[in-house]
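J.: Next comes the sequence, and after it the predicted model I'd like to discuss.
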Amino acid sequence: MKEFDVYSIEGKKVDSVKLNAKIFNGKVNKTLMHDAVKMHLANQRLGAASTKNRSEVAGGGKKPWKQKGTGRARAGSIRSPLFKGGGVIFGPRPKDYSYSMPKKAKKGALISAINAKMNNDEILFIEDIKLDNIKTKNFVTIFKKLKMDKKKLLVVVNELDKSTVLSARNIKNICLKAADNFNMYDVLLAERLIITKSSLEKINKRVVL
């Protein structure tokens, strides 16, 4: 097992932690991560583009003009695609672009993303974040002391308590996630990955293949 330093919220080394070699093994599967990113982005697509066909356009109950004698082509309804304001031929319809990957593949992509951060020295382990009151300034101060306040951070905690969530929600460069709810895309999007010591056990249970 690899051993890493653990920092206090005051920015000082206070402990060390042994990491599960099944997760923190330094191996990065770029193909798996690429597939997971594609899936994540596809699942974000709304697919809500829609047009009306001739059966859905309002009006058109009356024949526009008589069948013969006008010199014009025959017409049965102004809802025809040939008329302005009529139905659309082969127009876009609501579509579901979402799909899923096997659970093992998703876990593998998450492990690869975590290892990519570790290989680039973009991962930091800290003690639990405990705030006595709801104050954004106090939350920002923690990462100033860790010299991480100017980075885009993903902070993984064991559980989301009210004071921490409300203190962090207005900080645009910090994403706060519970250990059982962050994904590979969250990890890749962040410049630094911050993991609390207490959340490691939950991460182990979640992603060990």
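T.: Sure, I can see it.
J.: what ranges of this structure fall below the confidence cut-off?
T.: 1, 209 (pLDDT under 70).
J.: farthest residue from the center of it?
T.: Gly69 (63.4 Å; Cα atoms, centre = their mean).
J.: looking at this, it is in a strand?
T.: No. Gly69 sits outside any strand when classified using DSSP: H, G, I helix; E, B strand; the rest coil, being coil.
J.: Now do stretch 94-104: everything it contacts.
T.: 35-36, 39, 42-43, 45, 47-50, 109, 209 (Cβ atoms under 8 Å, 6 or more residues apart in numbering). No exception for glycine: its C-beta is placed from N, CA and C like everyone else's.
J.: of those residues, buried ones?
T.: Those of the contacts of stretch 94-104 that meet the buried threshold are 35-36, 39, 109, by 16 or more other Cβ atoms under 10 Å.
J.: For the longest helix seen in the chain, buried residues please.
T.: Identified as the longest helix of the chain according to DSSP state H is helix 103-119. Using 16+ other Cβ under 10 Å as the test for burial, helix 103-119 gives 106-118.
J.: Mind listing residues that contact the following helix or strand past it?
T.: Sequence-wise, the next helix or strand downstream of helix 103-119 (DSSP states H and E) is strand 123-126. If you take Cβ under 8 Å, 6+ apart as the criterion, strand 123-126 is touched by 4-9, 17, 114, 117, 146, 148, 192-197, 200.
J.: Residues touching the helix or strand just after strand 123-126, excluding its own?
T.: Proceeding N to C from strand 123-126, the next assigned helix or strand is helix 136-145, under DSSP H and E. Identification of contacts with helix 136-145 by Cβ under 8 Å, 6+ apart yields 9-11, 129, 131, 149, 153, 164, 167-168, 170-171, 174, 194.
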